[in-house]
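[1] how would this look folded up:
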Amino acid sequence: MKTFEKYKLKNLNLVNRIVMPPMDMYSADQSGIANELHYNHYTTRAIGGVGLIIVESTAVTPNGRISDNDLGLWTDEQIENLKKIVDSVKKYGSNIAIQLNHGGRKYVGSSGEVLAPSEIAFDEKSKIPKELSKYEISEIVEAFKQAAVRADKAGFDAIEIHGAHGYLIDEFLSPLSNVRKDEYGGNTENRARFLKEILEAVTEVWPKEKVISLRVSAQDYKEGGMTVDEMIKIINIIKRYIDIIHVSSGGLLPVPVKDYPGYQVKLAEEIKNHCNIPTISVGLIKDTDMVEEILSNGRSDLVALGRELLRNPYWVLNAARDKNIDIKFPKQYLRAFK
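    Numbers count the residues shown, from 1 in each chain. So this is what the prediction gives:
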């Protein structure tokens, strides 16, 4: 089965095509340092056989978090505990990445100002953010760069830049949240400038043999917002800096989304075909047959299981057992899978 085939991309040598996507645990304290829960959470999924584990949204500045309980990589003191997680995950045969993020106008903590490309709040209950100056934009670009340096020191196999779900990069990309009149707003190329500058800065310090992923929201679900066609244009502008696209949707606005198992797969398929770049599908996928259909029909290269891996850390082992696929089971658990 394609699901259990190995996959190679630069330094990544995945034992299968299953990805654990970033899912915020909101379990750090004000320090942003990973703790025992994070260690156990990610190690368990590695023991369970997941090919690639992507650590949750990790902020590049204190007020770049989503909440004050998010992980951070804005200081060297945050490296050590992340390295322990990296070493443990690799010990059990998985590859591991980390998602770097700035929460933008969706930050709800107390560690600084709420920032955005324009003074437009997320919703009527949210604070009106401060519009970023060009100097402040350059500071955040530098923060992403330094966070990438720290991620490499921690030993991560890959990084993922979070350009989705209504956080700062996504806010720059969408015309619904970016109404700037300078070179960071307006046409597609200008709205992609902030992302491009981040990727340029990151590639200066990130080892060339290591993978860079980009998470995107390919649909805003509101007229005048992001569409998959517009996202394809953006990716074609910046794709020389990245190796794979993790395709999601929504999050920019509090609008209803008609979701169902696999509802975002078509978006990943279109981006893969029109941008000629590997993709990761995600979105309420839980069934082995659905995973196999996506991969076997070339709709994406990897498949991420979010909620399903929260429910079942041993999804890969159980799926292999159910399909009678010969994989390497942890010897301590082998008796349960005979």
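[2] Alpha carbons of the longest helix anywhere in the chain, as PDB, please.
    If you go by DSSP state H, the chain has its longest helix at helix 134-154. C-alpha atoms of helix 134-154 as PDB (Å, rounded to 0.1, in the frame of the first residue of the first chain):
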ATOM      1  CA  LYS A 134       8.100  48.800   7.700                       C
ATOM      2  CA  TYR A 135      10.700  48.700  10.400                       C
ATOM      3  CA  GLU A 136       8.500  46.400  12.600                       C
ATOM      4  CA  ILE A 137       8.000  44.200   9.600                       C
ATOM      5  CA  SER A 138      11.800  43.900   9.200                       C
ATOM      6  CA  GLU A 139      12.100  43.000  12.900                       C
ATOM      7  CA  ILE A 140       9.600  40.100  12.500                       C
ATOM      8  CA  VAL A 141      11.400  38.900   9.400                       C
ATOM      9  CA  GLU A 142      14.600  38.800  11.500                       C
ATOM     10  CA  ALA A 143      12.700  37.000  14.300                       C
ATOM     11  CA  PHE A 144      11.700  34.200  11.900                       C
ATOM     12  CA  LYS A 145      15.300  34.000  10.700                       C
ATOM     13  CA  GLN A 146      16.700  33.600  14.300                       C
ATOM     14  CA  ALA A 147      14.000  31.100  15.200                       C
ATOM     15  CA  ALA A 148      15.100  29.000  12.200                       C
ATOM     16  CA  VAL A 149      18.700  29.100  13.600                       C
ATOM     17  CA  ARG A 150      17.500  27.800  16.900                       C
ATOM     18  CA  ALA A 151      15.400  25.100  15.300                       C
ATOM     19  CA  ASP A 152      18.500  23.900  13.500                       C
ATOM     20  CA  LYS A 153      20.400  23.900  16.800                       C
ATOM     21  CA  ALA A 154      17.600  21.800  18.400                       C
END
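[3] now the strands: where do they sit in the stretch 51-200 of the chain?
    52-59, 71-72, 95-101, 115-116, 130-131, 158-163 (DSSP state E, counting those that start in this stretch).
[4] Please list the residues outside the fourth one that contact it.
    With contacts defined as CB atoms under 8 Å, 6 or more residues apart in numbering, strand 115-116 is touched by 63, 102, 104-105, 107, 129-132, 136, 140, 168, 171, 177. Backbone N, C-alpha and C define where each C-beta goes, glycine included.
[5] Show me the residues you listed that map onto helices.
    136, 140, 168, 171.
[6] Now do the contacts for the closest residue to the last one other than its chain neighbours.
    For Glu171, ignoring the flanking residues on the chain, the nearest one in space by CB to CB, 6 or more residues apart in numbering is Ser177 at 4.3 Å. Counting by CB under 8 Å, 6+ apart, Ser177 touches 105, 116-118, 120, 166, 170-171, 252.
[7] Repeat that for Val108.
    Contacts of Val108 (CB under 8 Å, 6+ apart): 66-67, 126.
[8] Surely Ile96 touches Tyr42?
    Yes: with contact defined as CB atoms under 8 Å, Ile96 reaches Tyr42; the gap is 7.3 Å.
[9] coming back round to it: could you export the contacts of Ser177 as a markdown table, including pLDDT, neighbour count and distance to Gly262?
    Shown next, in a markdown table, are those (pLDDT from 0 to 100; neighbours: other CB atoms under 10 Å; distance: CB to CB, whole Å):
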| residue | pLDDT | neighbour count | distance to Gly262 |
| --- | --- | --- | --- |
| Arg105 | 98 | 26 | 30 |
| Ala116 | 98 | 26 | 32 |
| Pro117 | 98 | 26 | 32 |
| Ser118 | 98 | 19 | 34 |
| Ile120 | 98 | 16 | 32 |
| Gly166 | 98 | 22 | 22 |
| Asp170 | 98 | 26 | 22 |
| Glu171 | 98 | 28 | 27 |
| Leu252 | 97 | 26 | 21 |
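[10] As TSV, those residues with distance to Tyr26 would be great.
    TSV is the format used below for the contacts of Ser177 (distance: CB to CB, whole Å):
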residue	distance to Tyr26
Arg105	18
Ala116	21
Pro117	25
Ser118	27
Ile120	25
Gly166	17
Asp170	20
Glu171	21
Leu252	21
